[in-house]
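Visitor: when you get a sec, could you give me coordinates for this:
(2 chains)
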2 protein chains.
Amino acid sequence: MQTVDLLIEPRWLIPVEPAGATLRDHAVAVDRGLILDVLPAGEARLRYAPRQRLELADHVLLPGLVNLHTHAAMTLLRGYADDMTLMDWLKTRVWPAEIRHASPQFVYDGTLLACAEMLRGGVTCFNDMYFYPEQAAAAALAAGMRSVPGIIVIEFPTGYASDAEDYLAKGLAARDALRDEPLVSFCLAPHAPYTVSDRSFERIGTLSEQLDLPIHVHLHETAHEIEQSLAEHGVRPIARFARLGLLGPNLIAVHAVHVDDGEIAQLAQTGCFVAHCPTSNMKLASGVAPVAAMAARGVRVGLGTDGAASNNRLDLFQEMRHAALLAKVASGDATVLDVHQVLRMATLHGAMALGLERRIGSILPGKEADLCAVDLSGIETQPCYDPASQLIYAAGRESVSHVWVRGALRVEAGKVLQISNNSLTGAINLWRNKIES
Amino acid sequence: MQTVDLLIEPRWLIPVEPAGATLRDHAVAVDRGLILDVLPAGEARLRYAPRQRLELADHVLLPGLVNLHTHAAMTLLRGYADDMTLMDWLKTRVWPAEIRHASPQFVYDGTLLACAEMLRGGVTCFNDMYFYPEQAAAAALAAGMRSVPGIIVIEFPTGYASDAEDYLAKGLAARDALRDEPLVSFCLAPHAPYTVSDRSFERIGTLSEQLDLPIHVHLHETAHEIEQSLAEHGVRPIARFARLGLLGPNLIAVHAVHVDDGEIAQLAQTGCFVAHCPTSNMKLASGVAPVAAMAARGVRVGLGTDGAASNNRLDLFQEMRHAALLAKVASGDATVLDVHQVLRMATLHGAMALGLERRIGSILPGKEADLCAVDLSGIETQPCYDPASQLIYAAGRESVSHVWVRGALRVEAGKVLQISNNSLTGAINLWRNKIES
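Guide: Okay, the predicted model is just below:
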């Protein structure tokens, strides 16, 4: 008998790899933060002597969800402005509020709230784009959550940095300082084609190659963005990126709503990733990303919530459901994006895009134990013919019962263990009063 | 001081009438099942001596939600088949299961499960279409929920009835038997243009006028339905309905996905209601109903979940969110269907369509006390700048804390008071085993 830290025995196990599998009566052995073994529960009891054994009689165990695009700190602006056009929303509400309030403390408090919400909803890792990425990382570490803060770059000055070079220098310094944190890795995060110059994009491309860092960028979100690029650069943003040598497996194209067949082929051939944010695209009326066509051509699509100011939930269960529903109605084909494909998008594809697929994204021996258990005993998920269907179409984040990050329990019975609700609520109330005043 | 049964003091009150209002620190006085008064909380304490006083410090109180279209019993087939085309889904999965299993007990048990789910999610009234409507009514009464069972009519025989005349006779007999139940009223429910003959529709039109009953019918759900009507009747279904004299304020057109400008004008001019089911329309790839255009032309649109077999949640919070999001992305205008409009669709418009607007649908003195309280203290709904925005975009049915039907408390702390979870779960497991075998 081998001693291990933890043996989880869920009723169902969806490991994501192999694709489409739903295992019954299997166990997952976890030791020192790693998944040691996945095997039938009966065998596991003969082979392992766990310090803790957890029987989850009505639950399905899946990999922790990966939120491939958010602006976590903006959770403090949740519901601050709705039902407005994108430019009106940005210019009259979001940007003025950010200019007044975005500070290191704003980013820490907002990200901590975001982490509490995401963890409770089964998200174990998020890819972030915001000012003061070191504060986002610090909040995620305080919550015990995995994060990928973005080394943000825009051409105009803010309270955080003065110019593109300064943004890069500050972001790279944050990365250096957090080099030894196993739960933190970084992306380069140039904001968008319309806020970053060719010169900065070239520098970012070089850094991406030298440091092997993903590039996380808004791309082809709105029709307006494309018109502007045609006017200023003579080409659409993806063509400009091709010219700049940015298309490749290091690129995470966020949104990719307005892409034609040629561009889909180009994304597929170059191995780019797409971060699909269906709720944000609907709420801001940006359009519908042709995800079924992208998936059919082999583009690897992950899922993101975008910021809470344009969603307004940091809820990957919602994004999974919306990805499936929207792809069906947009393509006119109810068979596209089935439940296992959508679950793969929310886990393994996100991990691959972030260069973390050897560590997370599926339940395989050797990977780190980022896990999420969902209780399907509630009346809303009864009867249960297929747990994968229940996860996507019937359950919600409120059914998440347990969450582990690198083997450490972070959520139990709906409670985020590392965050004090009282002090969090106090900070949120302070910010709400400031922002409203 | 006037003695009353109940005084509710929520932090916020959204009465739906007047439109767009959010009241702070108001109270609702309830007596003998009726809303007696809506007034500032300070005045209420001087005027009323309640048998029970309920302070809801972090909550918003709204009218109970009205589910304008469902097949409640089909909750027993939740997740039984997904990611299939409509016809494949019906012919290979749903219809065979129904032929084998749809019985009075199936309808009672399935509807009881649906009622538990709906009540927990703030739904106090549902408009149903299924076999054995007397069983649906009995289950709703057992749950303490308001129901509008449909007098279903189709031309082919089932275990329930032999022909159109038989369906009508049985449904009308059920209506007579339940005449004195204050929580039950009926609709005529011819299934669809492709399953009901002109002759039966004419008979139904006459009965609707004589008995002042709404007509609840699937209409213009798919492109195929319209092609079939053109082939068989030479006109589209709405034109056929116009010819049959069925268009008018008694008609509830379910889905109305494929309607052109002329048809929208026709629905508006004749005062028809539409039951919009955005999730079902997406999941089955039926298309997107032009709800923004319908609303702009004055068509009164309510919201429905459709059955759990094609949704798979009986969740009006989800339908409100989907209605808003889908209207924005489909119209390309983020300002259409704002939060108050969507809330009106899910309450007052549903009540109007069912001919119940003098009794339910808004929080006005004299109406019956069908109410729902939503707790916004959770981290997922923080910070709160606007409770109406939180309801539609951030909260979910899991935030519902209290539900009253006609003044009687039916849900408290997430528990459905009149339904035993154990006996319900036992019945569901029996059905799942039968249906899977």
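Visitor: so who does residue A:290 touch?
Guide: Contact criterion Cβ atoms under 8 Å, 6 or more residues apart in numbering or on different chains gives A:259, A:264, A:330, A:331 as the residues in contact with residue A:290. In short, each C-beta sits where N, CA and C put it, glycine included.
Visitor: all helices for the stretch 251-400 of chain A, in order.
Guide: For the stretch 251-400 of chain A, the helices defined by DSSP state H, counting those that start in this stretch occupy A:261-270, A:278-283, A:291-297, A:316-331, A:339-344, A:350-353, A:387-389.
Visitor: give the buried residues for the first one.
Guide: Right, the one you point to is helix A:261-270. By neighbour count on 16 or more other Cβ atoms under 10 Å in any protein chain shown, the buried set for helix A:261-270 is A:263, A:264, A:266, A:267, A:268, A:270.
Visitor: now do the end-to-end distance for stretch A:28-45.
Guide: Distance between the two ends of stretch A:28-45: 11 Å, counting by Cα to Cα, to the nearest Å.
Visitor: quick revisit: okay if I get the helices of the stretch 251-400 of chain A as CSV plus mean pLDDT and distance to chain B?
Guide: Shown next, in CSV, are those (pLDDT from 0 to 100; distance: least, Cβ to the nearest Cβ, whole Å):
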stretch, mean pLDDT, distance to chain B
helix A:261-270, 98, 19
helix A:278-283, 97, 4
helix A:291-297, 97, 10
helix A:316-331, 98, 4
helix A:339-344, 98, 7
helix A:350-353, 98, 21
helix A:387-389, 97, 4
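Visitor: export those as TSV, with columns for distance to residue B:274.
Guide: TSV is the format used below for those (distance: least, Cβ to Cβ, whole Å):
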stretch	distance to residue B:274
helix A:261-270	35
helix A:278-283	20
helix A:291-297	28
helix A:316-331	17
helix A:339-344	30
helix A:350-353	38
helix A:387-389	29
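Visitor: residue A:214 contacts residue A:248, correct?
Guide: No - taking contacts as Cβ atoms under 8 Å, residue A:214 lies outside contact range of residue A:248: 10.1 Å.
Visitor: for chain A, what helix or strand is lowest in average pLDDT?
Guide: helix A:86-89 (a mean of 85; mean pLDDT, DSSP states H and E).
Visitor: what sits up against that helix?
Guide: Taking Cβ under 8 Å, 6+ apart as the rule, helix A:86-89 contacts A:81, A:222, A:224, A:284, A:285, A:286, A:310, B:334.
Visitor: what's the burial count for residue A:25?
Guide: 13 (other Cβ atoms under 10 Å in any protein chain shown).
Visitor: show me what contacts the nearest residue to it once chain neighbours are set aside?
Guide: Distance criterion Cβ to Cβ, 6 or more residues apart in numbering or on different chains; nearest residue to residue A:25, sequence neighbours excluded, is residue A:41 at 4.9 Å. By Cβ under 8 Å, 6+ apart, residue A:41 lies in contact with A:9, A:25, A:26, A:27.
Visitor: give the buried subset of those as a PyMOL selection command.
Guide: Buried members of the contacts of residue A:41, defined by 16+ other Cβ under 10 Å, are picked up in PyMOL with:
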select buried, chain A and resi 9+26+27
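Visitor: tabulate the buried residues of helix A:261-270 (TSV), appending distance to residue B:101.
Guide: Converted to TSV, the buried residues of helix A:261-270 look like this (distance: Cβ to Cβ, whole Å):
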residue	distance to residue B:101
A:263	49
A:264	44
A:266	51
A:267	47
A:268	45
A:270	52
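Visitor: just list the residues touching residue A:412, thanks.
Guide: A:401, A:402.
Visitor: let's see the pLDDT reported for it.
Guide: Residue A:412 is assigned 96 on the pLDDT scale.
Visitor: same check, this time on the one 4 residues further on
Guide: What the model reports for residue A:416 is a pLDDT of 95.
Visitor: pretty sure it is touching residue A:405, no?
Guide: No - Residue A:416 is beyond contact range of residue A:405, at 11.2 Å (criterion: Cβ under 8 Å).
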